[in-house]
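Peer 1: Provided below for reference: sequence and predicted model.
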Amino acid sequence: MEAPKLKIALLKRIIEINDLELLKSLESLFNTSDKNISKFLELANEKLLQGNENETEDFTAYIKEWVKNM
């Protein structure tokens with residue numbers, strides 16, 4: 001998918017979110033460096049590969065830890 005199309009798809013998905021805590025978590029994530037975002041996504045992908053895709057998990061703790069370590 002081209003970058004502009006991917007950006008639009010992401011924005012549409014974000015617009016659908018109504019949970020204030022989730023939005024705050026996303027804001028914290030977006031306010032971190034690209035390096036920290038990459039680490040976060042690597043952890044999330046590892047979880048999915050471990051067969052936990054049916055589990056819902058709150059990544060707020062991960063995000064808060066990264067923000068604290070910045």
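Peer 2: Ah, there it is. Numbers count the residues shown, from 1 in each chain.

Peer 1: all contacts plus neighbour counts: C-alpha atoms, from now on.
Peer 2: Will do.

Peer 1: Could I get the buried residue list for the lowest-mean-pLDDT helix or strand in the chain?
Peer 2: In the chain, the helix or strand scored least confidently by mean pLDDT, DSSP states H and E is helix 60-69, which has a mean of 79. Neighbour-count burial for helix 60-69 flags Thr60, Tyr62, Ile63, Trp66 (criterion: 16 or more other Cα atoms under 10 Å).

Peer 1: Same question for stretch 22-42.
Peer 2: Ser25, Leu29, Asn36, Ile37, Phe40.

Peer 1: can you check stretch 3-10 too?
Peer 2: Buried, per 16+ other Cα under 10 Å, within stretch 3-10: nothing.

Peer 1: Dump the C-alpha coordinates for it into CSV.
Peer 2: Output of stretch 3-10 as CSV, limited to C-alpha atoms (Å, rounded to 0.1, in the frame of the first residue of the first chain):
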residue,chain,number,x,y,z
ALA,A,3,2.2,5.8,2.0
PRO,A,4,-0.6,8.3,1.3
LYS,A,5,-3.3,5.6,1.1
LEU,A,6,-1.9,4.0,4.3
LYS,A,7,-2.0,7.3,6.1
ILE,A,8,-5.6,7.9,5.1
ALA,A,9,-6.6,4.4,6.3
LEU,A,10,-4.9,5.0,9.6
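
Peer 1: which other residues reach the longest helix belonging to the chain?
Peer 2: Counting by DSSP state H, the longest helix found in the chain is helix 34-49. Applying Cα atoms under 8 Å, 6 or more residues apart in numbering, the external contacts of helix 34-49 come out as Leu29, Phe30, Glu53, Tyr62, Ile63, Trp66.

Peer 1: and if we set it to 7 Å?
Peer 2: Helix 34-49 is contacted from outside by Leu29, Trp66, using Cα atoms under 7 Å, 6 or more residues apart in numbering.

Peer 1: what's the answer for stretch 19-26, then?
Peer 2: Applying Cα under 7 Å, 6+ apart, the external contacts of stretch 19-26 come out as Thr60, Ile63.
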